[in-house]
Structure formats: C-alpha cells, structure tokens
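Colleague: everything below, folded, please.
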Amino acid sequence: MGLYRDHVLPRLVDRACGTAELARWRAQVTAGLSGTVVEVGFGSGLNMPAYPPEVTLVYAVEPADTARRLAARRIADAEIPVEHVSLHGESIELDDDSCDGALSTFTLCTIPDVGQALSEIRRVLRPGGRLHFLEHGLSPDAGIARWQHRIEPAQKLFAGGCHLTRRPVELVAAAGFRIERVEARYGVGPKPWSWFTEGVAVSPR
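Modeller: Numbers count the residues shown, from 1 in each chain. Below you'll find the model as predicted:
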C-alpha cells in the first residue's frame, strides 16, 4: 500500500476535495480567521484561496510529501506566507500560545490519535483562540449510519485511515474546547460521505 498511500491517494483526495461545492464550505469555515493560523491536515493547500486577508501566516501540518508538492502552486498563488512546521497533528512543533487560530478541514476523520492532536491544537492556541473545523462524520439518520459502519473498514483501508463514524463536535468538546457555533447538514454527494459539520470552538485557557 506504500505506493498507493504515498503517491496515488493524495492526488485522489486533491481531486475529490477540490470541487466547487467544497470551495463554498471552505469559504464559510475560514471566515473570521485572522493573524497566525495553524492548519492541521494542510494537504494540497485547497484552503489557501479561502483564507481571508486578515490571516498573516499559516503554519502547515501535513505528513504527505506528494500533498505538499501539490500545494506548492496554491501557496505560490497566495499572498499569505506558509511555513511547514510538522508532519503529524499529534506533535506540533510550535510554542505554547503561539497561534491566533487553527483550522481543520476533513482531517479529524483520519488522524490516528485525534484526542492528542486536538490537545496539541489547544496547546499552541493562545487563550481565547478559535479552532475552525469542517469535517464529515456519523449521520444522525439511523439507516445512513448503519451503512457508514458497514463501509468504514474498507474506507479506512483505501482512504488512509479515514473514519466515517467519528463525531467531530463531541471530539472537539472532549478536548476541552467550548463550542461556539455549529452547522451540520448534508452536502452534495452520497450521504454516507457527505454529512458535514462546520463550526467554531474556543480554547478557554
């Protein structure tokens, strides 16, 4: 699975997550970010066109070399500087209280130790800093949720460990964030993959 995981999958994710529909969600989730932002799961830089001009620096956390190469053009086209700081969200190489905001889009589904990653995000956020998140997860519809549980083993195998049944709001809250705003609804596409949750949570430290 090394060739597929390292070279093919990042390109598939770039294509699947680069739609006009998801660009609208990205514009919504990035609204209100400013100053220095750590983006966990930077991927191929699909959020770069959506960042508001108030953002002055993006610290990128991304393990995939291919995704980082795909991101180079989007970084070059943006006016916001990007600095790659870490490979994994569970260990972010930044000082405590060093970021004004944080962003996670379609990332909490995949991180192996998601609780540790969220704790790291809290650590690097200044007191009162906000985590903006856009994630897919477990549908509230019982029939769809049953299918998600059935599909999830194959999903994890072929999509780099991506879970279909995680509950992003519960994960964020369990990490000690205070949920400030949430919108959850189906996006465009097959329902097992398109129950989206977009929200903002505050680090209370």
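
Colleague: shaky segments in this protein?
Modeller: For the chain, applying pLDDT under 70 flags the ranges 1, 205.

Colleague: so what's Thr105 closest to, chain neighbours aside?
Modeller: Of all residues not flanking Thr105 in the chain, Leu134 sits nearest, at 4.4 Å (C-beta to C-beta, 6 or more residues apart in numbering). Backbone N, C-alpha and C define where each C-beta goes, glycine included.

Colleague: that neighbour belongs to a helix, doesn't it?
Modeller: No - secondary structure of Leu134 (DSSP: H, G, I helix; E, B strand; the rest coil): strand, not part of a helix.

Colleague: please give me every residue in contact with it.
Modeller: Residues near Leu134 by C-beta atoms under 8 Å, 6 or more residues apart in numbering: Trp25, Arg26, Gln28, Val29, Ser104, Thr105, Phe106, Phe196, Thr197, Glu198.

Colleague: now, those that are in helices?
Modeller: In helices, judged by DSSP state H, the following of these are found: Trp25, Arg26, Gln28, Val29.

Colleague: which one of the residues you listed is nearest Gln155?
Modeller: Within the set of the ones in helices among the contacts of Leu134, Trp25 lies nearest Gln155; the separation is 20.1 Å, counting by C-beta to C-beta.

Colleague: got the contact list for the closest one?
Modeller: Listed by C-beta under 8 Å, 6+ apart, the contact set of Trp25 reads Leu134, Gly187, Phe196, Glu198.

Colleague: of these, which is the most crowded?
Modeller: Within the contacts of Trp25, neighbour counts (other C-beta atoms under 10 Å) peak at Leu134, which reaches 24 neighbours.

Colleague: against Gly43, how distant is it?
Modeller: Counting by C-beta to C-beta, to the nearest Å, the gap between Leu134 and Gly43 amounts to 12 Å.

Colleague: Ala27 now?
Modeller: Counting by C-beta to C-beta, the separation of Ala27 from Gly43 is 17 Å.

Colleague: among these two, which residue is more densely surrounded?
Modeller: For Ala27 versus Gly43, neighbours defined as other C-beta under 10 Å are more numerous around Gly43 (24 against 14).

Colleague: what number of residues lie near the nearest residue to Arg178 once chain neighbours are set aside?
Modeller: The spatial neighbour of Arg178 that comes closest, neighbours along the chain excluded (C-beta to C-beta, 6+ apart), is Val202 at 4.7 Å. Val202 sits with 16 neighbouring residues when counted by other C-beta under 10 Å.
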